[in-house]
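# I would like to see how this sequence folds:
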Amino acid sequence: MNFLVFQLEGAMSSWGDIAVGEYRGTYDYPTQSALIGLLGAALGIRREEDERHMGLQQGYAFAIAVLSAGKLLRDYHTAQVPGRVALKGRTNATRYDELSVPKAELNTILSTRDYRQDAASLVAVLGLMAAPYTLERLAEGLRRPCFTLYLGRKSCPPAAPLDPLIMNADSVLEAFRMYRSSLTERCMALKDDPGRMPVELPGTIVQLAWDDRIEAGVRPDLTTQRKDRLIRRRGWQCGNRNEHIAVLTGASEHVL
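The predicted model follows:
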């Protein structure tokens, strides 16, 4: 079967955990809803186009290979917002419009936001029967995106090209290994005369996460529910799905 595989690496990333009150946490690796948003941006799908986003949700299955979870960075964040009364009956197409009220009507919200520093992962996309686009079209979008791509938040740009490749493999773990081998060979070819590397070699796969619709090629160590199945993009509504996780550390790798 064919998998579209690409890399996500950045100085900072933030993959939204369930937000409660003033705390905004992050997972160690991309959420499914974030990956759908990433593909949507690459294809030029606007945020209000719910049907096209749902087409991505229903048409593809995803898996993530974690190369590095990075380090946690916690940010104390403040933001000004007008009260509900000040916003009533007003059109707020932009942030400037929202703040165009008397200063006395502005409130300050305090929050804590988490980021991951120097995290890296590989993503695999499997096209299903309902897939609205070919894997080749998705790959072209990731190479030449219509909208700017970022790693969860707009302040988190990718630190390297996404480098999408289509891999034919019997399982997603095999596809990830093939991709990592190809990437390593191409990085090694960039050595200069003294043998110095201009880029870092990809790390080893330490964790694999996948959903029910993918053949992983490895037995899960844990199956849990994750609330990142897209329901409605404009309302930021997500539902639960099953996620299978395997820890790949030498002897603990339970290959099928």
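# So which residues make contact with stretch 208-217?
1, 29, 32, 61-66, 124, 126, 128, 170-174, 176, 218, 241-246, 248, 255-256 (CB atoms under 8 Å, 6 or more residues apart in numbering). Bear in mind the C-beta positions are built from the backbone N, C-alpha and C, glycine included.
# ranges for the helices of the stretch 1-150 of the chain?
Ranges of helices within the stretch 1-150 of the chain are 32-43, 50-59, 84-87, 95-98, 135-143, based on DSSP state H, counting those that start in this stretch.
# what's the answer for the stretch 151-256 of the chain, then?
172-188.
# Run through it and note the low-pLDDT ranges.
Low-confidence regions of the stretch 151-256 of the chain, defined by pLDDT under 70, span residues 193, 197-198, 235, 250-256.
# The same query, at a cut-off of 90, please.
For the stretch 151-256 of the chain, the stretches with pLDDT under 90 are 153, 184-203, 226-240, 249-256.
# residues touching the residue nearest the centre of the chain, list them.
For the chain, P30 is the residue whose C-alpha lies nearest the centre (CA atoms, centre = their mean; 3.5 Å). Contact partners of P30, counting by CB under 8 Å, 6+ apart, are L8, S13, W15, L38, I64, S121, V123, L151, G152.
# same check, this time on T31
W15, G16, R226, D228.
# With A41 instead?
Taking CB under 8 Å, 6+ apart, we find A41 in contact with P145, C146, F147, T148, L149.
# switch the cut-off to 7 Å
Residues in contact with A41 (CB atoms under 7 Å, 6 or more residues apart in numbering) are P145, C146, F147, L149.
# Buried among those residues? Need that as a selection in PyMOL.
PyMOL command restricting the contacts of A41 to the buried ones, with burial defined by 16 or more other CB atoms under 10 Å:
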select buried, resi 145+147+149
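# so the closest residue to T112 other than its chain neighbours bridges to which residues?
Leaving out its chain neighbours, the residue that sits closest to T112 by CB to CB, 6 or more residues apart in numbering is Y23, at 5.2 Å. Per DSSP bridges, the residues bridged to Y23 are V20, T112.
# Then R74?
Beta-bridge partners of R74, as defined by DSSP bridges: D114.
# Any idea how many residues pack against it?
12 (other CB atoms under 10 Å).
# Show the residue spans covered by the strands in the stretch 101-250 of the chain.
For the stretch 101-250 of the chain, applying DSSP state E, counting those that start in this stretch gives strands covering 106-127, 165-168, 207-210, 222-232, 237-247.
# about what we covered before: just curious, which of the contacts of T31 is nearest to E185?
W15 (29.0 Å; CB to CB).
# Please name the residues that touch the closest one.
T26, Y27, Y29, P30, T31, A34, G152.
# Now tabulate these in CSV and tack on distance to L162.
As requested, the contacts of W15 are arranged in CSV below (distance: CB to CB, whole Å):
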residue, distance to L162
T26, 20
Y27, 19
Y29, 15
P30, 12
T31, 17
A34, 14
G152, 14
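# Show me what stretch 160-172 is in contact with.
2-9, 63, 124, 135-136, 139, 142-143, 175, 178-179, 182-183, 210, 214-217.
# If we use 6 Å, what do you get?
With contact meaning CB atoms under 6 Å, 6 or more residues apart in numbering, stretch 160-172 is reached by 2-7, 9, 63, 124, 135, 139, 142, 175, 178-179, 214-217.
# Now restrict the residues you listed to buried residues only.
Buried among these (16+ other CB under 10 Å): 3-7, 9, 63, 124, 135, 139, 142, 175, 178-179, 214-217.
# Give me the pLDDT for the residue of the chain most remote from its centre.
Within the chain, the residue lying farthest from the chain centre (CA atoms, centre = their mean) is A104, at 39.0 Å. Note for A104: predicted pLDDT of 83.
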